[in-house]
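*Asks:* show me how the following folds:
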Amino acid sequence: MKTRIYTLLLVGIVSLTCWMTSSATAQDAVVIGCPLPLAASYGQNGLRGITLAVEQINDAGGVKLGDKKVPFKMEVVDTGDLDPKVTQDQAMAKVKSLITDKKAHVLIGGPARSEYGVAAMDVIAENNVVHIVTTGCYTPKWNEGVFAGDPKKYRKSFRMSGNIKWYIKEMKDLLAVLKKDYGFTKMYILIQDVLMCRDAAAIVKKVATADGWEVVGEHAAPTPTTDFQAPLKECKEKGGQLLFLWTYSPNSAKIFEQWREMEIPALPMGFVEAAEDPTFWKRTKGKCAYSVITLSEAGVTISDVTTLSRKFYEDYEERWGVPPRATGSAASYEAVFVLKDAIERAGSVEPDKLIPALEKSDLPVVRGKLRFDETHQCVFGYDPTNSILGNWAQWQNGQRVTIWPQAAKTGDLKMPPWLEWFWKGKK
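*Replies:* Numbering: from 1, shown residues only. Got it, this is the predicted structure:
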C-alpha cells in the first residue's frame, strides 16, 4: 500500500511539474516519454534525474527547435518492469502507450529489467521515435547481441546506462589494487540466491581466479534470509580476506550488522542495492562502515569528475531533499541535456535527423565526456575527458566516499581496525 501511495505521489509531482513548466500542446513542445518502474529505486532515480534536467532547461528558456525555443514536456508511465508479477507484454504495452497515446517524440528511462529493455528495442524499431536507455538494462546482449546483429533496424535505440561488462572490468582492476597494495588473495562470495546474482557470482569467480585470487567459499542465501552468521563464520574460518557481495535483497542490511558484530576479518565489497542509499548508514547504525559498494555512476557522490559533477549533486539534493542515490540518477539527468544538444544541432526531433546528431555527441556531462560507440552504447573508461566513469565508494563516517576509479576518487580506502589486527596476528 505504501509503495502504491509513493508511486502515485511521484506521478503527481511530475504532472504538476509538467503543468507548471509548460501548458503547451505537443506541437509547441518536445515531448519526452519516460517509461520507468516507479515502485523501484531505479525508476525513482531516473524520474528524479529527468525531472530536474527538464526543469533546469525549461527555466533557462527551453530547447531551440528550428527558429524558436520550446519547452520539454514529460509524459510518465509506470512500466512496473522490476515487479516479477508484471509480464513483458504488459510492460511493452506501457512503452507503446507513450508513443501512440502520449505522442512522445523521444523516450528516456527504462525499462530497467534487462530482458524487457531488450524487448523494448523491437517496439522502438517499429515506431517513429528515438529511445535513450538511462537506468538499468545492463546486459551486453543489448549492444553486442541485438544492436550489433542489425544496426539498421535498431538504430533508434541508444544506451547511456551501464554495461555489466564494464562494471566487471572496473571490479577486476580494483581487485588488482587490493592484491597489490594489501596482499589480499583470498575471497569468499556471498550472494542472494536469484539467477542474476548467481550469474554475476560466476563471472566474478572466473575473473578473480584468472587473476590469482583463491575463492575459499561461496554461499547463496534465499531472499528472505535475515541471519547470515553461518556464511560469515565460514568466511572467517576459511581465511577469506575479501567478502564479495551481490544482492538486491531488502534484508542485506543484516549482513553488515552481523559482519560488524562478529568482527569478521574480511573487507565487504560488491553490489548491494540497499547500501547504495544515502540513508543506509542510519539504517545500519553505522555498521556498514568500511564496506565498499558500486554506485555505477560517477557524480552521485560529491565529486569533481567534471565541472558539472558537484553542481549536479548539489542541485539534486536541493531539489529532492536527499543526495543522488545511484543507478539512473546521473545518466537520466545527463540524457536530457544530450537530447537538447542533439536536437539543436539537428534542428529536428525526426529520427532520421536526430540519430546522426546523437551519434556525433561529444558533450561534457556529470560522469565525464558523453560519446556513443558504433553500437550506440555510451563509452566507458577511466579518463573523464573522453569517456564516462563508474563509481566504487566506501562508507566512511556516514558518507559514501569514492575510492575508485582514480579520476573520480575523493578519499582513500580504509580498513576495519579488527581486520588489520587479525591479519597482523596471522603473519
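*Asks:* tell me which stretches of the stretch 1-150 of the chain form helices.
*Replies:* 2-21, 41-59, 88-100, 114-125, 148-149 (DSSP state H, counting those that start in this stretch).
*Asks:* ok, and what's touching the last one?
*Replies:* If I follow you right, that is helix 148-149. The contact list for helix 148-149 (C-beta atoms under 8 Å, 6 or more residues apart in numbering) reads residue 375. (Glycine included, C-beta is placed from N, CA and C.)
*Asks:* which one is residue 239 nearest to, not counting chain neighbours?
*Replies:* Excluding the flanking residues, the one nearest residue 239 by C-beta to C-beta, 6 or more residues apart in numbering is residue 186, at 5.3 Å.
*Asks:* what about the one you found, distance to residue 215?
*Replies:* Computed as C-beta to C-beta, to the nearest Å, the residue 186 to residue 215 distance reads 8 Å.
*Asks:* related to what we said a few turns ago, show the backbone phi and psi for the residue nearest to residue 239.
*Replies:* Backbone geometry at residue 186, expressed as degrees, to the nearest 10, gives phi -120, psi 130.
*Asks:* just the pLDDT for it.
*Replies:* The model reports residue 186 with a pLDDT of 96.
*Asks:* count of neighbours near it?
*Replies:* Look at residue 186: counted by other C-beta atoms under 10 Å, it has 16 neighbours.
*Asks:* who's in contact with the most centrally placed residue in the chain?
*Replies:* The chain has residue 327 as the residue nearest its centroid, 2.0 Å off, counting by C-alpha atoms, centre = their mean. By C-beta under 8 Å, 6+ apart, the contact set of residue 327 is 41-42, 45, 135-136, 161-162, 276, 295-297.
*Asks:* what pLDDT is listed against it?
*Replies:* Looking at residue 327, the pLDDT reads 90.
*Asks:* roughly how far apart are it and residue 293?
*Replies:* Counting by C-beta to C-beta, the gap from residue 327 to residue 293 is 11 Å.
*Asks:* got any residues that touch both of those two?
*Replies:* Common neighbours of residue 327 and residue 293, using C-beta under 8 Å, 6+ apart, are residue 276.
*Asks:* below-threshold pLDDT in the stretch 101-250 of the chain: ranges please.
*Replies:* Along the stretch 101-250 of the chain, no part satisfies pLDDT under 70.
*Asks:* any idea how the protein splits into domains?
*Replies:* For the chain, automatic domain parsing gives the domain ranges 2-162+302-370, 165-295+391-426.
*Asks:* from the chain's centroid, how far away is the longest one?
*Replies:* A distance of 13 Å separates the C-alpha centroid of domain 2-162+302-370 from that of its chain, computed with C-alpha atoms, centre = their mean, to the nearest Å.
*Asks:* the last one too?
*Replies:* Between the mean C-alpha location of domain 165-295+391-426 and the chain-wide mean there is a distance of 18 Å, by C-alpha atoms, centre = their mean.
*Asks:* buried stuff in stretch 185-198?
*Replies:* The neighbour-count check on stretch 185-198 (16 or more other C-beta atoms under 10 Å) flags 185-192, 194, 196-197 as buried.
*Asks:* distance of residue 260 from residue 186?
*Replies:* 20 Å.
*Asks:* er, residue 69 actually
*Replies:* For residue 69 relative to residue 186 (C-beta to C-beta), the value is 60 Å.
*Asks:* next: residue 209.
*Replies:* 11 Å.
*Asks:* part of a helix, is residue 198?
*Replies:* Yes: judged by DSSP: H, G, I helix; E, B strand; the rest coil, residue 198 forms part of a helix.
*Asks:* in the stretch 201-350 of the chain, which spans are helices?
*Replies:* 229-237, 253-261, 280-283, 309-320, 329-346.
*Asks:* those helices: which one's closest to residue 117?
*Replies:* helix 329-346 (13.3 Å; C-beta to C-beta).
*Asks:* ok, which stretches of the stretch 101-250 of the chain are strands?
*Replies:* Ranges of strands in the stretch 101-250 of the chain, per DSSP state E, counting those that start in this stretch, are 106-109, 130-133, 157-159, 186-192, 214-221, 242-247.
*Asks:* please produce TSV containing those, extended by distance to residue 265.
*Replies:* Supplementary listing: these in TSV, determined by distance: least, C-beta to C-beta, whole Å:
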stretch	distance to residue 265
strand 106-109	42
strand 130-133	41
strand 157-159	40
strand 186-192	11
strand 214-221	13
strand 242-247	10
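*Asks:* closest to residue 386 out of those strands?
*Replies:* Nearest to residue 386 among the strands of the stretch 101-250 of the chain is strand 157-159 (18.0 Å), distances taken as C-beta to C-beta.
*Asks:* residues in contact with that closest one?
*Replies:* 120-121, 124-125, 130-133, 137, 142-143, 147, 358, 372, 376-378.
*Asks:* and if we set it to 6 Å?
*Replies:* For strand 157-159, contacts defined as C-beta atoms under 6 Å, 6 or more residues apart in numbering pick out 121, 124, 131-133, 358, 376-377.
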